[in-house]
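Trainee: sequence? don't have it. structure:
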């Protein structure tokens, strides 16, 4: 993997200059960005990150007047590679930084300015898409209530007044993440063994821990009205499903499930003349027939009824004709504690409320959300990529120099709530994606850290707004706290 680390540049670095216009209540009237993106020695995946970063840049907010320009920079470093929410994690962070600066300028709480700028039904995104079925206010109010946010803000303020070398911070951040299926290709092969009823499914998606195999198996079992114990998922391989699309962008699980349903629809149509109400043909029904009835049905079929079917799903554009088929909404409250003398940070708690539609599998989806949060903590706090000045040679090779989050970096309290009764009429089986959206909202940890650092700086006699680089590694945090040995004096 050392060779991989040397050749692959990972997530690209972004810099943003901005001009923002706002009223006395902190409501943004106009925003202008100039983005600079480090592509490394070749464009490669940076083109995709450039597109996504710009398309998602408004995050959860209504910006009535918006313009952005981007410059891709060629440098003497390895070319970049797409990484979870490429470009989006950076531009959504910039959006929160803009609001933070507005809040500081007006001496208003950041959460107040955020809420005053929320997008809602009937308003337009920066891409011109009119918002419908917006659940942003719902997830926001729920996360504030579940986390007891206002009460904890007061407790954090009290803690910081009483402690000099330990500081706490708390912040809440939302996300509006557009999801679409245009450009995806999904192929599925389904074969049923007539002797025992087992169903073999092969698809083009790669199982990389996101639970795509389980979701496909569930969809097949539900559509055929059989036990999931009868479904077997084969390895993804090009001699099994020759044609298919990529695995990425959070949408592969959805479109492959849709392709599997299409395959099962064909199979159910073939079986319909021979059924005796032993199993259901409604893919949304939870009715399940017995294994004995299923095997009896299969063994009663004439020899000319094929039990091998193909499912394909490839929308040329999103079915609703818009840039995004639907939006995912979520919000996260995070509280951290900072050791001012060492720069070490401990994430005390994260509380997240997520609109997952009607989850295809809550256990898998919550696991994906939790994983995205911890992965995001690595991005914001630890995973600095360092290159040698002049040569561009990677210096942070392997875990001796490159520090991903480990067990001790997981929040001590981590709660995830999926909102109920949130059927997504524009999704597959009413669901919504979970791969990338939760990565965005853990920027709440970054702004909680800034609150803690701000308190330390105030004790050092320096107030006002300040910039904090990302990732805010331990040395960055320590330096930002303005620790001076002359202050190491015991009180009289």
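Mentor: Nice, I can see it. This is a predicted model, so every value here is computed, not measured.

Trainee: what's around the nearest residue to residue 175 once chain neighbours are set aside, how many residues?
Mentor: Closest residue in space to residue 175, ignoring its immediate chain neighbours: residue 440 at 4.2 Å, by CB to CB, 6 or more residues apart in numbering. (C-beta placed from N, C-alpha, C; glycine too.) For residue 440, the number of neighbouring residues by other CB atoms under 10 Å comes to 30.

Trainee: what's the distance between residue 440 and residue 332?
Mentor: In this view, residue 440 and residue 332 are 9 Å apart by CB to CB, to the nearest Å.

Trainee: what does residue 418 give?
Mentor: 13 Å.

Trainee: which of the two has more residues huddled nearby?
Mentor: For residue 418 and residue 332, the more surrounded residue by other CB under 10 Å is residue 332, and the numbers stand at 28 against 21.

Trainee: in its sheet, which strands sit next to the helix or strand hosting the more buried one, and in what direction?
Mentor: Assessed by DSSP states H and E, residue 332 sits inside strand 326-339. With DSSP bridges as the test, strand 326-339 is paired with strand 166-179 (antiparallel), strand 345-354 (antiparallel).

Trainee: turn the ones you listed into a markdown table, including mean pLDDT.
Mentor: Converted to a markdown table, the strands paired with strand 326-339 look like this (pLDDT from 0 to 100):
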| stretch | mean pLDDT |
| --- | --- |
| strand 166-179 | 97 |
| strand 345-354 | 98 |
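
Trainee: so which of these comes closest to residue 322?
Mentor: Nearest of the strands paired with strand 326-339 to residue 322, taken as CB to CB: strand 166-179 at 8.9 Å.

Trainee: tell me which helix or strand comes right after that closest one.
Mentor: strand 186-192.

Trainee: and that next one, average pLDDT?
Mentor: The average of the pLDDT scores along strand 186-192 is 96.

Trainee: who touches that strand?
Mentor: For strand 186-192, the external contacting residues (CB atoms under 8 Å, 6 or more residues apart in numbering) are 198-205, 216, 220, 240-245, 252, 255-256, 258-260, 262-264, 267, 298, 307-314.

Trainee: which regions of the chain lie under the pLDDT threshold?
Mentor: Within the chain, the stretches with pLDDT under 70 are 1, 277-287, 492.

Trainee: show me where it has helices.
Mentor: 2-7, 46-55, 88-106, 110-116, 136-147, 149-162, 212-224, 252-271, 291-299, 362-381, 398-401, 437-441, 443-459, 474-480 (DSSP state H).

Trainee: right, so of those, which gets closest to residue 20?
Mentor: helix 88-106 (5.4 Å).

Trainee: ok now stretch 245-263, how far from the chain's centre?
Mentor: In terms of CA atoms, centre = their mean, to the nearest Å, the centre of stretch 245-263 is set 17 Å apart from its chain centre.

Trainee: what of stretch 232-252?
Mentor: Taking mean C-alpha positions (CA atoms, centre = their mean), stretch 232-252 and its chain are 21 Å apart.

Trainee: show me the contacts for the nearest residue to residue 93 once chain neighbours are set aside.
Mentor: Excluding the flanking residues, the one nearest residue 93 by CB to CB, 6+ apart is residue 443, at 5.2 Å. Going by CB under 8 Å, 6+ apart, residue 443 touches 89, 92, 93, 96, 173, 376, 380.

Trainee: try it again with 6 Å
Mentor: 93, 96, 173 (CB atoms under 6 Å, 6 or more residues apart in numbering).

Trainee: so which of the residues you listed is the most crowded?
Mentor: Highest neighbour count within the contacts of residue 443: residue 173, with 29 neighbours (other CB under 10 Å).

Trainee: check the burial of the nearest residue to it once chain neighbours are set aside by counting its neighbours.
Mentor: Nearest residue to residue 173 in three dimensions, chain neighbours excluded: residue 444, at 4.0 Å (CB to CB, 6+ apart). If you count neighbours by other CB under 10 Å, residue 444 ends up with 29.
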